[in-house]
Structure formats: C-alpha cells, structure tokens
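[1] the sequence isn't on hand, but the structure is:
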Ligand SMILES: [Zn+2]
Ligand SMILES: [Zn+2]
C-alpha cells in the first residue's frame, strides 16, 4: 500500500499471527518487542540464577504502552513511573513486606533515569494516562 507517497510494506502473516501478550489480540504489522534485561540492580543483591524462572522474552505487544502495562499488571509486576516502556526493560527485585511468602516482587524500569525509582501499580498508571 502507499500513503502520501510513502510505501508501507504489507506484512503477510498467513502462518503464525503474532498475538499481543497484553490483550491477546492478533497484532497487525510489526509487533512491539519488549525484553527483560538480565542484570541485577544494585538495590537488590539477589543473584540472577535465583530468578532463573523469569522469562526474559522478547514479549510481543501492540504499539501502545498500555498493552505492556496491562501485561505487567497481570503478572504482578510493578513499573517505575520515572521510566518509559522501552524495548529493553531492566528488572529490579523489590522486597515485599506485606507478603512474606513471596519475599520479593519484580519491578521493571528502563534504567535511564538517574534518580530513585518510583515503582507503581502499572494498571493504575495506565488508567491515569487514558
Ligand atoms: Zn494488545
Ligand atoms: Zn526507575
């Protein structure tokens, strides 16, 4: 197809249509891939091997951060509101006082800002931005 003289390649996906990890719908065009980087943040001295059950992705989404936030919320992750949803997210393990049986929770941050993280419920953040 052509739009204002710019050629937009049509993506043919007859075999496997990518589905958004956030809403479960088929993704038209290129999926937005988000991966979780396997670094250990200095805030949480937990070795990466202890979190080996974490799937680093890449996860595929529609090109809207809300879909990524919805996915994080469903998996019980927190999102640092000083960051943006980017293709590479850095994991930060956070202690959880209220739930001793699950002693930590995963927070995701883009790791670009230099000040303190501000982890919030991603579902609340998505609602704020709508
Ligand atoms: Zn979606
Ligand atoms: Zn942060």
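    All right, it came through fine. Because the structure is predicted, anything quoted here is derived from the model rather than measured. Ligands and ions are numbered 1, 2, ... in the order given.
[2] what sits up against stretch 107-117?
    Contacts to stretch 107-117, defined as CB atoms under 8 Å, 6 or more residues apart in numbering, come from residues 36-37, 41, 43, 72, 77-80, 82-86, 88-94, 119. C-beta coordinates here come from the backbone N, C-alpha and C atoms, glycine included.
[3] looking at it now, give me its mean pLDDT.
    Here stretch 107-117 scores 94 as its mean pLDDT.
[4] that one: which residues count as buried?
    107-111, 117 (16 or more other CB atoms under 10 Å).
[5] of the contacts of stretch 107-117, which belong to helices?
    Among the contacts of stretch 107-117, the ones falling in helices (DSSP state H) are residue 72.
[6] now the contacts of stretch 107-117: which count as buried?
    36, 41, 72, 77-80, 82-83, 85-86, 89-94, 119.
[7] residue 68 touches residue 36, doesn't it?
    No. Applying CB atoms under 8 Å, one finds residue 68 not in contact with residue 36, separated by 11.4 Å.
[8] okay, and the beta partners of residue 108?
    Going by DSSP bridges, residue 108 is paired in beta bridges with residue 79, residue 91.
[9] which bits of this structure sit near ligand 1?
    With CB under 5 Å from the ion as the criterion, the chain meets ligand 1 at residues 20, 22-23, 62, 67.
[10] among those, name the ones in helices.
    Using DSSP H, the residues of the chain next to ligand 1 in helices are residue 67.
[11] how about the residues of the chain next to ligand 1 in a markdown table, adding distance to ligand 2?
    A markdown table is the format used below for the residues of the chain next to ligand 1 (distance: CB to the ion, whole Å):
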| residue | distance to ligand 2 |
| --- | --- |
| 20 | 24 |
| 22 | 20 |
| 23 | 25 |
| 62 | 24 |
| 67 | 20 |
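[12] selection in PyMOL covering whichever of the residues of the chain next to ligand 1 are buried, please.
    With 16+ other CB under 10 Å as the criterion, this PyMOL line picks the buried residues out of the residues of the chain next to ligand 1:
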select buried, resi 20+22+62+67
